[in-house]
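Asks: Could you look at this predicted model? Sequence included:
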There are 2 protein chains.
Amino acid sequence: MSHDYDELKHRLAKVHDLRTAAELLFWDQTVMMPSRGAAVRAEQLATLERLAHERFVDDEIGRLLDELRPFEESELFDSDEASLVRVTRRDWEKARQVPSELSAEMTKAASEAMEAWVVARRDSSYAAFQPWLERTLELKRRYIDCFDYEGDPYDVVLDDFEPGMKTDEVRAVFERLKEELVLLIAEAASDEVSPVAGGRFPEEVQHRLSTELVERFGFRPEYYRLDRTVHPFCASSATTDIRLTTRYSERDLTSLFTAMHECGHGLYEHGVSPSLERTPLCAGASSALHESQSRLWENIVGRSLPFWRWYYPRVQEAFPEALGGVDLERFHRSVNRVRPSHIRVDADEATYGMHIILRFELEQELLAGTLSLNDLPEAWNARFKEYLGIDVPEDRLGVLQDVHWSGGSFGYFPTYQLGNVISVQIWEKAQEALPGLGGQIERGEFGALLGWLQEHIYRHGRKFTPQELLERVVGGPIDPEPYLRYLKSKYGTAVAA
Amino acid sequence: MSHDYDELKHRLAKVHDLRTAAELLFWDQTVMMPSRGAAVRAEQLATLERLAHERFVDDEIGRLLDELRPFEESELFDSDEASLVRVTRRDWEKARQVPSELSAEMTKAASEAMEAWVVARRDSSYAAFQPWLERTLELKRRYIDCFDYEGDPYDVVLDDFEPGMKTDEVRAVFERLKEELVLLIAEAASDEVSPVAGGRFPEEVQHRLSTELVERFGFRPEYYRLDRTVHPFCASSATTDIRLTTRYSERDLTSLFTAMHECGHGLYEHGVSPSLERTPLCAGASSALHESQSRLWENIVGRSLPFWRWYYPRVQEAFPEALGGVDLERFHRSVNRVRPSHIRVDADEATYGMHIILRFELEQELLAGTLSLNDLPEAWNARFKEYLGIDVPEDRLGVLQDVHWSGGSFGYFPTYQLGNVISVQIWEKAQEALPGLGGQIERGEFGALLGWLQEHIYRHGRKFTPQELLERVVGGPIDPEPYLRYLKSKYGTAVAA
């Protein structure tokens, strides 16, 4: 029995090596690669993806999984061994539905379309991107058709990022948010605080501060890198080799929040138990769980008053000209300012949800075929006006702003907002467990918080489904109410201040 | 028939993708990777190498190669098609001798030993490195035993870098060089020119100049990168994605020669015909041919008086304090100064050969078992004293200086000196073909030279064996006499000046 388990683990390690090699090649493509390397890079990624898929869906893995049923049942549910067999079986059964050829074609298309998107976004030319989007969407429909699903076709793509989650559940959470967000945005946006602007924030100083934050939150230099890219993300080659990416604008300090955000993703990947290295369990539980961690560090910690009581003096010292005359309260209010704006990743916490709800709705219509790609920019702009009250002057600030669709990642967007919702559910529990937390943050001490998250979430990797993990950590399912309480309390205060 | 050819090409493209992915991961490991990523990186490299090997030695490739004999014979010898079948058959027959497990074990050992070497070299601790070298050597002996060779076991490892070359031939060339080099070094080293020293050469200025040279020689920015590393090398992910690496010391301008050297390697890889992309022909013909190009650009062009007539004013302007009082003649003589020194990669053109001959001899004795690893540092130091006349004060400056043995690259060193020899054979032909070459270099124009090299060497990739290529380009086999003429003419002049 142990021989079968070792053999399974050995085979899965090879598959994982191919996947992390591909992740590293993707990181390289967006951070390091000379632009003309793109065509061959697309082929390399397709080959790695195809081989990983082929080797994973192999009959022999199915046979081993069958043989290992008694072994799995003899081990504790949350042991590495039972979890590896259980989660692999679920992955294997799903992956068997998709032909290797289609899987590789999707990877190759994603790599090529991403290059096209970079150019199209730069030129604000939806027409230049539409053929790539057409191909991506067609591949995604073929992908959905591989599954014998009941109900909503969107369930299939959602399940890739949020295993077990149904479109209806998301819709219910989002409808509840929508009710409240519209009022909350209207109220908060009337606050008269102006952004801190007019100064110049040199890139190298922002980079130094970003690095300082990442290391203060818990990364040691021998375990990570922080580089510049167009669309920030976090990649991991191993739990011991995490690649954070960010971008800088010298006009503001958005980059500090980007760094804290990607650091949150990175700490999750870095915190997976070393015993799960090179297994399919070596990753976060789901996209929403992942996002709950980036948002927890970026927003709940990183936009809080205790945090800025600690860090503002250092930032002020780093930019004496721009911030010398700006006091803590003004700065803190400015980084929590609510204003409808075009770019999702720059959106404040209150308006952010509407950006997501918009994309969630459009994605469903595109996949269902009720919205044609010719009409997409207009549909985007009309709904944007309806939800956020402002016009979209060009597609660069609208439908072309995100990389996701170029990569075929339909079903991903909703998990961002689910992550926001979950982040507050988890935060409430951390606060209960760590009574001195606010004071620690005010002293720039994050070790206890990181330790608690590590113990309850990070180390488990993908052992548990998002539902199982949430049940373990917060004692129940996803629930929008803590998040709404958090927003109301935050922006109520902001307005009153 | 065409279907079989397409199928072969398709399969080889996948193998090539795995190999270039591994090359990129290796580049990343030495240039970008956080140090703690090393353990998993070794596994990833081993997996990619094993898969590439497994897929390459597949019976089906052998069957296709058999089926394609009539097709191959119907095509011209130097066509892409006939060359691909011919060269692949030779590679396949050789690769079939080595079990995939051994191949992967060697890759993994190389990756781990390289990390150990970095530390051992830093600490000048041969004892820390010896166990890794032991393992590497044992694997290399197992590798040699896979082949049914006649004569010298060293032939087997030499053939990996210089296909078709025999140890005896190398020995003959080296014995001839040794005769002359000893006298030449003694004479040239008595020249009283002192190195340009005492100044400070800021790293960022050196980097700017290196970049300028690389682009002047012929690289456009969208096709390459130039990064810092410990032991400079050139890697390629594609002909359109070349990774040059270099290192800087602020005490001198060695980096300019390193940049020109790696640029020479890079121009070769970059110049392979696009029709050979993602095939096993997409690389240089051999290590010596490759080195002939790095040396041609670094030494024959980059240390010549015409080159410095063009470039010295710019360098002087970049470092006014250090070089303001140094005239062209003095500078040119200083970068051609002959002095026995410890580090091979910093050695001048006259002493360089002795560094190589030393390694060539020690490698043969290590593989034959006539020299034990316990005695290696002493043997190194004794022979170094004999050949170069100076003592080795610590192993960091002796046996630990090179990365090659950690990577299992026995048989590689001699190709460096063969490259020097070949570089002058090629240079003499280029001079005949391009009568205005000296004047062009004096004006910083390298297009005609690059075009000639591209046409006669680079575009062919691995279509021809080194012997075939040399025959086509210079009309004969490897010959040490042009190289000796070049050295005598160069150092004769220097002494007389």
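Replies: Done, it's in.
Asks: Dead centre of chain A: give me the residue that sits there.
Replies: Nearest residue to the geometric centre of chain A (C-alpha atoms, centre = their mean): residue A:291, 4.5 Å.
Asks: correct me, but it touches residue A:419?
Replies: Yes - counting by C-beta atoms under 8 Å, residue A:291 touches residue A:419, with 2.4 Å between them. Where you see a C-beta, it was placed from the backbone N, CA and C, and this is true even at glycine.
Asks: Spit out the contact partners of residue A:421.
Replies: If you count contacts by C-beta atoms under 8 Å, 6 or more residues apart in numbering or on different chains, residue A:421 has them with A:173, A:177, A:478, A:479, A:480, A:482, A:483.
Asks: can you pull out the strands in chain A?
Replies: Assigned by DSSP state E, the strands in chain A fall at A:224-228, A:234-238, A:241-246.
Asks: Show me which residues of the lowest-mean-pLDDT helix or strand in chain A are buried.
Replies: Least confident helix or strand of chain A, by mean pLDDT, DSSP states H and E, is helix A:480-496 with a mean of 81. Buried residues in helix A:480-496, counted by 16 or more other C-beta atoms under 10 Å in any protein chain shown: A:480, A:482, A:483, A:484, A:486, A:487, A:488, A:490, A:491, A:494, A:495.
Asks: quick one: contacts of it?
Replies: Applying C-beta under 8 Å, 6+ apart, the set of residues contacting helix A:480-496 is A:173, A:176-177, A:180-181, A:184, A:187-188, A:190-191, A:193, A:300, A:333, A:336, A:338, A:349-350, A:420-421, A:423-425, A:427-428.
Asks: thinking residue A:335 is in contact with residue A:305, fair?
Replies: No - judged on C-beta under 8 Å, residue A:335 makes no contact with residue A:305 at a distance of 10.5 Å.
Asks: is chain B contacted by the longest helix along chain A?
Replies: Longest helix in chain A by number of residues (criterion: DSSP state H): helix A:2-31. Yes - using C-beta under 8 Å from any C-beta of the partner chain, helix A:2-31 reaches chain B at A:13, A:14, A:17, A:18, A:20, A:21, A:24, A:25, A:28.
Asks: what residues are up against the spatially closest residue to residue A:184 that is not a sequence neighbour?
Replies: Sequence neighbours aside, residue A:350 is the residue nearest to residue A:184 in space, at 5.5 Å (criterion: C-beta to C-beta, 6 or more residues apart in numbering or on different chains). By C-beta under 8 Å, 6+ apart, residue A:350 lies in contact with A:181, A:184, A:185, A:188, A:189, A:338, A:487, A:491.
Asks: Likewise for residue A:18?
Replies: Counting by C-beta under 8 Å, 6+ apart, residue A:18 has contacts A:48, A:49, A:51, A:52, A:55, B:47, B:48, B:51.
Asks: residue contacts, the residue lying closest to it once chain neighbours are set aside?
Replies: Closest residue in space to residue A:18, ignoring its immediate chain neighbours: residue A:52 at 3.9 Å, by C-beta to C-beta, 6+ apart. Residues near residue A:52 by C-beta under 8 Å, 6+ apart: A:15, A:18, A:19, A:22.
Asks: Tally up the residues packed near the last one, please.
Replies: Neighbour count for residue A:22, taken as other C-beta atoms under 10 Å in any protein chain shown: 21.
Asks: mind checking pLDDT for it?
Replies: With respect to pLDDT, residue A:22 has a value of 97.
Asks: got it, and the second one?
Replies: The predicted local confidence for residue A:18 comes out at a pLDDT of 98.
Asks: mind checking how far the residue lying closest to residue A:82 once chain neighbours are set aside is from residue A:93?
Replies: Distance criterion C-beta to C-beta, 6+ apart; nearest residue to residue A:82, sequence neighbours excluded, is residue A:75 at 4.0 Å. According to C-beta to C-beta, to the nearest Å, residue A:75 and residue A:93 sit 20 Å apart.
Asks: between those two, who's got more neighbours?
Replies: With neighbours defined as other C-beta under 10 Å, residue A:75 and residue A:93 compare such that residue A:75 has more, 17 against 12.
Asks: backbone phi and psi for the more buried one, please?
Replies: Its backbone dihedrals place residue A:75 at phi -100, psi 160, with angles given as degrees, to the nearest 10.
Asks: Give me the pLDDT for it.
Replies: So residue A:75 comes in at 97 (pLDDT).
Asks: Settle this for me: it is touching residue A:84, isn't it.
Replies: No - assessed by C-beta under 8 Å, residue A:75 is found out of contact with residue A:84, at 9.6 Å.
Asks: before we move on, the earlier item: among the contacts of helix A:480-496, the buried ones, what's the PyMOL command?
Replies: Only the buried entries of the contacts of helix A:480-496 go into this PyMOL selection, using 16+ other C-beta under 10 Å:
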select buried, chain A and resi 173+176+177+180+181+184+187+188+191+193+300+333+336+338+349+350+420+421+423+424+425+427+428
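Asks: Please flag which of the contacts of helix A:480-496 sit within helices.
Replies: Using DSSP H, those in helices are A:173, A:176-177, A:180-181, A:184, A:187-188, A:333, A:349-350, A:420-421, A:423-425, A:427-428.
Asks: Thanks a lot, see you next time.
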